[in-house]
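S.K.: Below is the sequence, then the predicted model.
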Amino acid sequence: MILPGNLANAMTLGIPAAVTYNFKRHPDQRRALFSAAMVLSLGLGILTAVVGYFVIPLWLHHYSAQDIHIARIIVFVAPVTMMTLAVAAVLAVEGEFTTANQTRYLIPVLTLGGLIGLRLSHSLTPVTAAFAYILPSIPVFALRVAPMWRRFYPHLAGLGPSARRLLGYGIRSYGVDLLGAFALQVDQALVVSLLSPSAMGTYVVALSLSRVLNIVQASIVTVLLPTAAARPVREVVALTGRAARVSTAVATLAAGCIAIAGPVVLRLLYGTRFLGAVPVFRILLVEVVLSGATWILAQAFMAVGRPGVVTTLQAFGLSLSVPLMIVLIPRFGLVGAAISLLASTTARLAFTLIGYPRLLQTSVPGLLVTRADFDAVRTRLLGGGETDAS
């Protein structure tokens, strides 16, 4: 289940970010841009599936032949995953957040229904559970793409210039997707390789529960880049700073509550066997808060047309994670993986902040939430007008 998503995020060539930027920059060419995005995403998805098909036996060499066979089947959902990323970017930049949100929660709802059905029919196994997670993405993708397809009605005329425009920005931002996918999944890949399958299960439980906090920052990023793209630097920094402060304050408060309730939640959801995940879970909560703040702050560079800066900044921090994990996982087990991830994220946050004065020639946005931030958020929630950094 891990590999299709990893490969899709690692092989986007920056198309989703390029769609967001170019739709805002060239609104009169949206039809051609949408057509090019679909063709490029489909081609990259097919390439991803083929690469995954041959990589899986090497990566899962110590797993059973059946596991490898099932993983090879699942990897062919990669074209749908790749096209979904591009369509999600179009929905966001078009302001179709209702459609985007409806299709987003449909996947877990369908997955939950499938898991319940499998459990009641005594058919719940690792393989059937994997398909319950993977298959809902196909009909949900159809629901996502249908309104955009009717609006833009893709065509092949003028595809070349639009594809080059997307790739021109996308390749410069590609490192952001690649490093982002690597940062999110390298820990799981190394845990799979260095520890037992049972340890991997414990780690995934802790990781999944901690990633609930991503809801806050992911929602903000979905709106922030389309809103800030192509604006003056001053406005971009103001928008980004406020988004980072408010989201980090909310995420920190939520992390504190979840950390306290963690043992109870783990016992209720997974049983007493997974209580050993509590120390790892609490470290990962801190990492989630910092990684969310880092990703939001990085949107400023994306919005002003300098995605390559984010790639470089992320690479410096991310280069710490692999050697740290190789050293710490064998020595400290799952806690070593969590500490390595936290150290890498902290470094990426530091490099991102340094980039503001050095590269954007502006001061670092304040990271402590202010009364003005809460006032602006309250105004927006109550339906007031847009402020300078709302």
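M.R.: Nice, thanks for sending it over. Residues are numbered from 1 along each chain as shown.
S.K.: hmm, who's touching stretch 34-48?
M.R.: Around stretch 34-48, the neighbours that count as contacts under CB atoms under 8 Å, 6 or more residues apart in numbering are 4, 7-8, 11-13, 15, 18-19, 75, 78-83, 85-86, 89-90, 148, 152, 154-156, 159, 162-163, 165-167. Any C-beta I mention is one placed from the backbone N, CA and C, and that applies to glycine too.
S.K.: what's around Thr125, how many residues?
M.R.: By other CB atoms under 10 Å, 10 other residues sit near Thr125.
S.K.: ignore the last one, Leu349
M.R.: 20.
S.K.: which residue sits closest to it, ignoring its sequence neighbours?
M.R.: Thr294 (4.4 Å; CB to CB, 6 or more residues apart in numbering).
S.K.: related to what we said a few turns ago, among the contacts of stretch 34-48, which are in strands?
M.R.: Here DSSP state E is the test, and the contacts of stretch 34-48 give no hits in strands at all.
S.K.: Counting neighbours, which of the residues you listed end up buried?
M.R.: 4, 7-8, 11-13, 15, 18-19, 75, 78-83, 85-86, 89-90, 148, 152, 154, 159, 162-163, 165-167 (16 or more other CB atoms under 10 Å).
S.K.: just to revisit the earlier point, let me know the next secondary structure element after the helix or strand encompassing the residue nearest to Leu349.
M.R.: Applying DSSP states H and E as the criterion places Thr294 in helix 278-303. With elements assigned by DSSP H and E, the helix or strand that comes after helix 278-303 is helix 307-318.
S.K.: Select the longest helix from the chain.
M.R.: helix 233-270 (DSSP state H).
S.K.: Give me the neighbour count for Ile296.
M.R.: Neighbours of Ile296 (other CB under 10 Å): 27.
S.K.: got it, and Ala157?
M.R.: 9.
S.K.: Show the contacting residues for it.
M.R.: Ala157 sits in contact with Ala32, where contact means CB under 8 Å, 6+ apart.
S.K.: separation between Met38 and Ala86?
M.R.: 7 Å (CB to CB, to the nearest Å).
S.K.: Distance check, Leu106 against Ser137.
M.R.: Taking CB to CB as the measure, Leu106 falls 10 Å from Ser137.
S.K.: more neighbours, these two?
M.R.: Using other CB under 10 Å, the more surrounded residue of Leu106 and Ser137 is Ser137, with 21 against 16.
S.K.: looking at it, that one is touching Thr81, isn't it?
M.R.: Yes: here Ser137 reaches Thr81: they are 6.7 Å apart, a contact under CB atoms under 8 Å.
S.K.: Can you read off the pLDDT for the residue lying closest to Thr312 once chain neighbours are set aside?
M.R.: Of all residues not flanking Thr312 in the chain, Gly175 sits nearest, at 7.5 Å (CB to CB, 6+ apart). Here the pLDDT value assigned to Gly175 is 72.
S.K.: okay, now Gly175: neighbour count?
M.R.: So Gly175, with other CB under 10 Å, has 21 neighbours.
S.K.: List the contacts of it.
M.R.: Per CB under 8 Å, 6+ apart, neighbours of Gly175: Gly14, Pro307, Gly308, Val310, Thr311, Thr312, Gln314, Ala315.
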